[in-house]
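Chemist: build the 3D model from these lines:
(chains A and B)
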Amino acid sequence: MIASTRANLVTLVTAPTVWALHFLVSYTAAAGYCAKTMADARVMTGAAWPDITIARLVILAATVVAVAIIALCTRQAWGHWRSGDVDPPFDEPSFEGRQGFLGFATLLLCGLSVVGVIFVALPAVFIGDCR
Amino acid sequence: MTDAALASPQDDPEVRKGQEERLEKVWETPKGVRYWSAVNNSEVGIWYTATALFFFLFAGVLGLLIRTQLAVPDNDFLSATFYNQVFTLHGTAMMFLFAIPIFEAVAILILPEMLGARDLPFPRLSAFGYWSFLLGGVFVCGSIFFNAAPDGGWFMYPPLTTDEKQTGIGADVWLLGLSFIEVASIAAAVELIVGTLKCRPPGMRINLMPLYAWYVLVVAGMILFAFPPLIAGDILFELERMFGWPFFDPAKGGDPLLWQHLFWIFGHPEVYIIFLPAIALLAMIVPTFAQRPILGYSWIVLAAVGTGFLSFGLWVHHMFTTGLPAISLAFFSAASEAVAIPTGVQIFVFLATLLAGRVIYSVPMLYAVGALAIFVFGGLTGVMVALAPFDWQAHDSHFVVAHLHYTLIGGMFFPLLAGIYYYFPFVMDRRLSDRLGKISFWLLFVGFNVTFLPMHITGLRGMPRRVFTYAEGLGFDTLNMVSTVGAFVFAAGVLVVAWDILRPRGKEPLAPRNVWNAGTLEWLSPNPGKEWGVRTVPIVSTRYPLWDQPNFVRDYDEGRFYLPDAEEGKRETLITSVLDARPIQCLRVPGNTFITMGAAFLTGGAFIAATFYAWTLTIGFSIAALIAILIWLWTGTAIIPEKKDKDVGLGLRLPLYVSGPDSVGWWAMFITMIGDMSAFASLIFGYFFYWTIHATGFPPADAAGPGLLWPFTALVLTIASWGAMLLARRANAADRPPSLRLWLALSVVLAVGGGAALLWGPHTTGLDPTSHVYPATVWVIAIWTAVHVGVGVIMTLYCLARSVGSKLTKEHDIDIHNVVLFWHFALITMAVSVATIALFPLVAR
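Modeler: Coordinates of the predicted model:
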């Protein structure tokens, strides 16, 4: 369903689903780690804030994987878009029209998703502890 | 149409007259008291819309009470406690009883005809949803007349709302009344998803679907993932309020923040669940009044799908001041900025379409333009509050009140009014007045801005939300008075709209057919409309068939497409494939009945009785509701047709009965279970949430878990029960009824054992759910799972009865396929439960 020569509703939402999973992994890694390490320190003792290098590495790995999968989706969507040799607005009542439309919409969603992934990864570039 | 089609029986006017008479008889709206037994989308849609608009007026009056109280400093117009009820109910009713239901209402009303379908696939489910909504809404709103309305704010934060001394029965009214309505919303979502995917007219491939349908698909999908977390939260909340299970009580290891998470995982997507369907109306209105196809169809799909996803990554921006680590806030801040991209794309698409077309200025367009102006402003303040440091300053101030009203009124209310002015002739056969429309627009537009623009400043000057009064001389006085004056101007605008809708029309002429010269299918029907919905299910090959397909209206009127007749006197519509809309089935849709109303009222009775802790009554209503639902299923679903297939016109024969993944029932089950799984995932999230907030000791060192023996016994028995169901399905396919019944019976025995074993685990190790959040969490997961197994048992017994009653056979096997599908999900639920409550403690640190 996901890797297919024919575009479908699953290929359409693969990239944003990857965004959602990346978001979930990033948030769970950082928030879970901080919650766990600071659970006893609700009243701060003046000690240093726990470092989140581990969470940042997880986020880095997740980001690389997510961008790679979205790149694959993009390549596939590009193929779908181009295969039918149809032009916008993709309203032909044919397989090619459908394929071109789904391919193009998927391509747009890939673009949005990769921007979303990078946006969500950025905090981990700048924030190094649980403050 | 082709020449071949022209030489069809439809050439004979007498034939057509006969067909029309039969169609009219089949789809006739019942008269007298039986009118209320109607389940057809046009009746239910109108009731739904009218009821939602009534709740809007009610909540609007509450809004005026708020503004009156705040008009002058130190006002004593309302008491503090009554003010709490008023603002809580204002928000609650606007959100749950107006903004969300109106989406369902309008979609039920216009979607079928937009798709050239006679009805949605589950009309009785729509009716059930409507009656649930009506009862739940009256219950929640009515509470204020008994001084018993919820008063803890529309998001009901504990520990205030779990404290029974500070919040009385109102909190229970909120939790149970709204849970009941949420179930109805999920039912509507299932109906709309299946309707959009499977009830499109032949030829309407996915790239030709009206944009409204794309939005409906996305929004209904969002409901499936957004509402269940709130239902899960409601369950935890009620268990704490009723039985003292300490989910949100820090003294016993709980955490009120879990409620905030669950509420806003619902609450933020919900904002888009409200916004997208209203924007969808604009996506229909803008092309019509630009008299050209939408520019950038694919971009709108990007925007709808993209917003649908991103909106789930925003929830913590409501929780920026709860003390979460900066990195957590930053993720949500980033996603909140990102969602502005697809939102902006839609607005640019509309503007581009208007620029490229020749715009006809009309009342719907006036409202559409007003909507864009207000919404863009609200969107920009949204980008401001999405930045955590700004939010820390503005949080819980009137700035946020101003922001949310700009987005909701600009993003939802104005587009809805544009939609009401646009679609009124479609529903009521007559136009609303242009003159009154313009008057109401300017009253609303000016009144709105006068009310809420100053409120930004009131908020920045420091006036908090939800306070019933303020002292003189703090800089709030004039601003508040201006807001109050604006609110009454706005209310005057609402009254003008209400009058325009309700005024007697006497001899006013009917609107001409396709009054706006639109291009989409819902404008096919002549005025006055017929109760059959569509004369014939058309073949579509363009996005705007009324503009682009030659002779389309004539062929339609002469019934030259599919299903021009109702020979057997049954209500029918076409089912087509998901991507290409190839016809695959002629679906018989069920007709009018009181059973759905009965089932809804009995279910509602159970929720209402529980509010008053009247347990005997609750159990009585629950059993009665179950019986009503079983009667409904037995008499109204998976009906065996009198013949295998039928000629649906144009030489096409389609089956009348299909099962498994081809059938709409299977899809409905699958989609429902997706929603069910997201509620379950929320409970599991709760377990791990508690694990993260306890540095050591979740499970606490001294607490016995549910052990390994009983949970694993439960798992093994459930696997066996599921296996027996697979064998039952195979026996049925091989046409061996005795072994089918044997396997079904065995499955029941095994499943009962499995469910009982899962509950026996925590019982036998003495886990006391009131002592600490750990045992409470284990219990709630175990009970949730056992209830699912129990529902599976009822379904299996139902199959057994259907087999004995010869309604489940080799050829007619919808029931067994759907029940096996349920069991797949029940097994996943059991496996995840056991892994969480029995295995995780072994590795937890």
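Chemist: how about the contacts made by the residue nearest the centre of chain B?
Modeler: Nearest to the mean C-alpha position of chain B, counting by C-alpha atoms, centre = their mean, stands B:Ser185 at 3.4 Å. Taking C-beta atoms under 8 Å, 6 or more residues apart in numbering or on different chains, we find B:Ser185 in contact with B:100-101, B:104, B:129, B:223, B:227. No exception for glycine: its C-beta is placed from N, CA and C like everyone else's.
Chemist: for chain B, what's the longest helix?
Modeler: Counting by DSSP state H, the longest helix found in chain B is helix B:256-290.
Chemist: how about low-confidence regions in chain A?
Modeler: Low-confidence segments of chain A, defined by pLDDT under 70, are located at A:40-45.
Chemist: how about the helices in it?
Modeler: A:9-38, A:53-83, A:95-126.
Chemist: would you mind finding the most buried of the ones you listed?
Modeler: Of all these, helix A:95-126 has the most neighbours on average by mean count of other C-beta atoms under 10 Å in any protein chain shown, namely a mean of 22.
Chemist: circling back: as CSV, the helices of chain A with distance to B:Val515 would be great.
Modeler: Putting those into CSV (distance: least, C-beta to C-beta, whole Å) gives the following:
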stretch, distance to B:Val515
helix A:9-38, 34
helix A:53-83, 38
helix A:95-126, 30
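Chemist: for B:Phe685, which of these is the nearest?
Modeler: Proximity to B:Phe685 (C-beta to C-beta) singles out helix A:9-38 among the helices of chain A, at 9.8 Å.
Chemist: just the pLDDT for the nearest residue to B:Asp662 once chain neighbours are set aside.
Modeler: Excluding its sequence neighbours, the residue lying closest to B:Asp662 (C-beta to C-beta, 6 or more residues apart in numbering or on different chains) is B:Ile584, at 6.4 Å. pLDDT for B:Ile584: 95.
Chemist: looking at the longest helix of chain B now, give me its mean pLDDT.
Modeler: 96.
Chemist: ok and that helix relative to helix A:9-38, angle-wise?
Modeler: Per axes from the mean of the first three to the mean of the last three C-alpha atoms, to 10 degrees, the angle that helix B:256-290 makes with helix A:9-38 is 150 degrees.
Chemist: JSON lines for the contacts of B:Ser185, including secondary structure, distance to A:Leu12 and neighbour count?
Modeler: JSON lines is the format used below for the contacts of B:Ser185 (DSSP: H, G, I helix; E, B strand; the rest coil; distance: C-beta to C-beta, whole Å; neighbours: other C-beta atoms under 10 Å in any protein chain shown):
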{"residue": "B:Ile100", "secondary structure": "helix", "distance to A:Leu12": "25", "neighbour count": "25"}
{"residue": "B:Pro101", "secondary structure": "helix", "distance to A:Leu12": "28", "neighbour count": "28"}
{"residue": "B:Glu104", "secondary structure": "helix", "distance to A:Leu12": "24", "neighbour count": "30"}
{"residue": "B:Gly129", "secondary structure": "helix", "distance to A:Leu12": "28", "neighbour count": "29"}
{"residue": "B:Ile223", "secondary structure": "helix", "distance to A:Leu12": "19", "neighbour count": "25"}
{"residue": "B:Phe227", "secondary structure": "helix", "distance to A:Leu12": "23", "neighbour count": "25"}
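Chemist: related to what we said a few turns ago, secondary structure of the residue nearest to B:Asp662: a helix, I assume?
Modeler: No: B:Ile584 sits outside any helix when classified using DSSP: H, G, I helix; E, B strand; the rest coil, being strand.
Chemist: just checking, it touches B:Tyr657?
Modeler: No: between B:Ile584 and B:Tyr657 there is no contact under C-beta atoms under 8 Å: 12.0 Å.
Chemist: same list, the helices of chain A, but as a markdown table with distance to chain B please.
Modeler: Output for the helices of chain A, formatted as a markdown table (distance: least, C-beta to the nearest C-beta, whole Å):
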| stretch | distance to chain B |
| --- | --- |
| helix A:9-38 | 4 |
| helix A:53-83 | 8 |
| helix A:95-126 | 3 |
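Chemist: any idea which of those gets closest to B:Pro150?
Modeler: Of all the helices of chain A, helix A:9-38 sits nearest to B:Pro150, with 30.0 Å by C-beta to C-beta.
Chemist: what angle separates the closest one from helix A:53-83?
Modeler: Put simply, helix A:9-38 runs at 170 degrees to helix A:53-83, going by the same axes, to 10 degrees.
Chemist: give me the angle between helix A:9-38 and helix A:95-126.
Modeler: On the basis of the same axes, to 10 degrees, helix A:9-38 is oriented at 10 degrees to helix A:95-126.
Chemist: packing partners of helix A:9-38?
Modeler: The elements that helix A:9-38 packs onto, with contact taken as 3 or more C-beta pairs under 8 Å, 6 or more residues apart in numbering or on different chains; DSSP states H and E, are helix A:53-83, helix A:95-126, helix B:297-310, helix B:326-338, helix B:664-693.
Chemist: can I get these in a markdown table including distance to A:Phe23?
Modeler: Converted to a markdown table, the helices and strands packed on helix A:9-38 look like this (distance: least, C-beta to C-beta, whole Å):
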| stretch | distance to A:Phe23 |
| --- | --- |
| helix A:53-83 | 9 |
| helix A:95-126 | 5 |
| helix B:297-310 | 9 |
| helix B:326-338 | 7 |
| helix B:664-693 | 14 |
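Chemist: quick one, which of these gets closest to B:Phe248.
Modeler: Closest to B:Phe248 of the helices and strands packed on helix A:9-38 is helix B:664-693 (C-beta to C-beta; 10.5 Å).
Chemist: what about the strands in chain B?
Modeler: For chain B, the strands defined by DSSP state E occupy B:572-576, B:583-588, B:645-649, B:652-655.
Chemist: which elements pack onto the longest helix of chain B?
Modeler: Helices and strands touching helix B:256-290, by 3+ C-beta pairs under 8 Å, 6+ apart, are helix B:100-114, helix B:211-243, helix B:297-310, helix B:340-356, helix B:363-385, helix B:398-408, helix B:414-428, helix B:664-693.
Chemist: okay, the angle between that helix and helix B:326-338?
Modeler: Using the same axes, to 10 degrees: helix B:256-290 against helix B:326-338 is 10 degrees.
Chemist: so helix B:256-290 versus helix B:100-114, what angle?
Modeler: For helix B:256-290 against helix B:100-114, the angle between stretch directions is 40 degrees (the same axes, to 10 degrees).
Chemist: what angle do helix B:256-290 and helix B:398-408 make?
Modeler: Using the same axes, to 10 degrees: helix B:256-290 against helix B:398-408 is 40 degrees.
Chemist: spit out the contact partners of B:Leu416.
Modeler: Per C-beta under 8 Å, 6+ apart, neighbours of B:Leu416: B:102, B:106, B:278, B:281.
Chemist: out of those residues, the closest to B:Trp174 would be?
Modeler: Closest approach to B:Trp174 among these (C-beta to C-beta): B:Ile102, at 20.1 Å.
Chemist: the closest one: what's it in contact with?
Modeler: B:Ile102 makes contact with B:49, B:52-53, B:56, B:416 under the criterion C-beta under 8 Å, 6+ apart.
Chemist: local confidence estimate at it?
Modeler: Looking at B:Ile102, its pLDDT stands at 96.
Chemist: neighbour-wise, which one of the contacts of B:Leu416 leads?
Modeler: B:Leu281 (28 neighbours; other C-beta atoms under 10 Å in any protein chain shown).
Chemist: any idea how far chain A is from B:Ile108?
Modeler: Remark: distance between B:Ile108 and chain A (C-beta to the nearest C-beta, to the nearest Å) = 23 Å.
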